[in-house]
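Trainee: What shape does this take:
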Amino acid sequence: MALHPQARRAIEFNASALSVTDPDFDIAATREQDRAAALAQAREDVAEVRDVDANGVAARLYVPEGHDGVILHAHGGGFVLNDVDVHDATVRRLANRTGMAVLSVDYRRPPEHRFPAAPDDVGAALAWLGEQSGLADLPTFAHGDSAGGNLALVTALRHPGRFAGVVLIYPFLDPSASFASYRTEVAGFDASEAAWYWQQYAASPADFEHPDLAPLRSDRLGTLPPTLVVTAEHDPLRDEGEHLVEVLAAAGVEVVGTRILGQLHGFWRHADVFDAAEPLMRQVAGWLRMVVERT
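Mentor: Model prediction:
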């Protein structure tokens, strides 16, 4: 279908924003602006929210009452942008809708800290969860959006058998940008901007071939637990996410793929802008509840 009117308005609203490929783009200033905007958002109460040191990695733990599972969340932002504050309102909703504790990882970001700093940090946070009384024995899920989807997937591949399930929201997986949606779906951002994020992330040209950076290259995809992959119809990343679904299904992984019609990359985090965001959050919660109930 055509772009949803809400998606079209979002594109128009952001039309004047400086592209990351512009020489004048300021990473530090953008991070601060995004954090300030996020902190001004309304946010739900969660029974317990506290910042923790997860084996030397900064993280924020959200614990709703009666939690019976744990979600390890990696935020999106092209590896470069966003942090636990930017994702705070969304992660609170995730904890409340799922009834599960959520550990949101403030992993190190490029260009200051290049690959493999981010997946190493998410892995360290996972190890910390395994040491925590009241959390270690609960079913644990990997969850991430965009670049965070990459990190969630890589973490699951690095730790086969550790997760009860994996949820990937429009994951950022293919540094070669070889899928057709990079040419047909350019609403919001394009292949040159995607390439800029990968260039900030990789420490060397060889990293683009490494399965911990480009997980579609992994020979461990068949080891994944039940997996939910969500894509947006008008997203350059759409085809790589849906290709992952095909590969996992062929490998015998229990996988569900969902495409949200009319939407563009980034909608999931903005429930105040996109009508599709809250239903998707509840779909994810329902899928997680299903996995927990049969665990």
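
Trainee: how deep is Ile27 tucked in, by neighbour count?
Mentor: Per other C-beta atoms under 10 Å, the neighbour tally for Ile27 reads 15. For every residue, glycine as well, the C-beta is placed using N, CA and C.

Trainee: Output stretch 243-251 as PDB, restricted to C-alpha atoms.
Mentor: Extracted C-alpha coordinates of stretch 243-251, given in PDB (Å, rounded to 0.1, in the frame of the first residue of the first chain):
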ATOM      1  CA  HIS A 243      15.400 -12.600   3.800                       C
ATOM      2  CA  LEU A 244      16.400 -13.600   7.300                       C
ATOM      3  CA  VAL A 245      12.900 -15.000   7.800                       C
ATOM      4  CA  GLU A 246      13.300 -17.200   4.700                       C
ATOM      5  CA  VAL A 247      16.800 -18.400   5.800                       C
ATOM      6  CA  LEU A 248      15.600 -19.300   9.300                       C
ATOM      7  CA  ALA A 249      12.500 -21.100   8.000                       C
ATOM      8  CA  ALA A 250      14.700 -23.100   5.600                       C
ATOM      9  CA  ALA A 251      17.000 -24.000   8.500                       C
END
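
Trainee: Find the residue at the geometric middle of the chain.
Mentor: Centroid check for the chain by C-alpha atoms, centre = their mean gives Asp145 as the closest residue, at 1.9 Å.

Trainee: residues contacting that one?
Mentor: The contact partners of Asp145, by C-beta atoms under 8 Å, 6 or more residues apart in numbering, come to His75, Gly76, Leu168, Ile169, Tyr170, Pro171, Trp268, Arg269.

Trainee: I figured the fourth one hits Gly144, correct?
Mentor: Put plainly, it is Ile169. Yes - between Ile169 and Gly144 there is a contact at 7.0 Å, judged by C-beta atoms under 8 Å.

Trainee: Report the set of residues contacting both of these two.
Mentor: By C-beta under 8 Å, 6+ apart, the residues touching both Ile169 and Gly144 are Gly76.

Trainee: picking up where we left off before, cross the contacts of Asp145 against strands and list the overlap.
Mentor: Among these, the residues falling in strands (DSSP state E) are Leu168, Ile169.

Trainee: Show me which of the contacts of Asp145 is closest to Asp275.
Mentor: Taking C-beta to C-beta as the measure, Asp275 lies nearest Trp268 of those, at 12.1 Å.

Trainee: which parts of stretch 36-46 are buried?
Mentor: By 16 or more other C-beta atoms under 10 Å, the buried positions in stretch 36-46 come out as Ala38, Val46.

Trainee: swap that for stretch 213-222, sorry
Mentor: Leu213, Ala214, Pro215, Leu216, Arg217, Ser218, Leu221.

Trainee: Give me the distance from it to the chain's centre.
Mentor: Relative to the centre of its chain, stretch 213-222 is centred 17 Å away, using C-alpha atoms, centre = their mean, to the nearest Å.

Trainee: Please shift the residue numbers so they start at 4 in all later answers.
Mentor: Sure, I'll start counting at 4 from here, so that last one is stretch 216-225.
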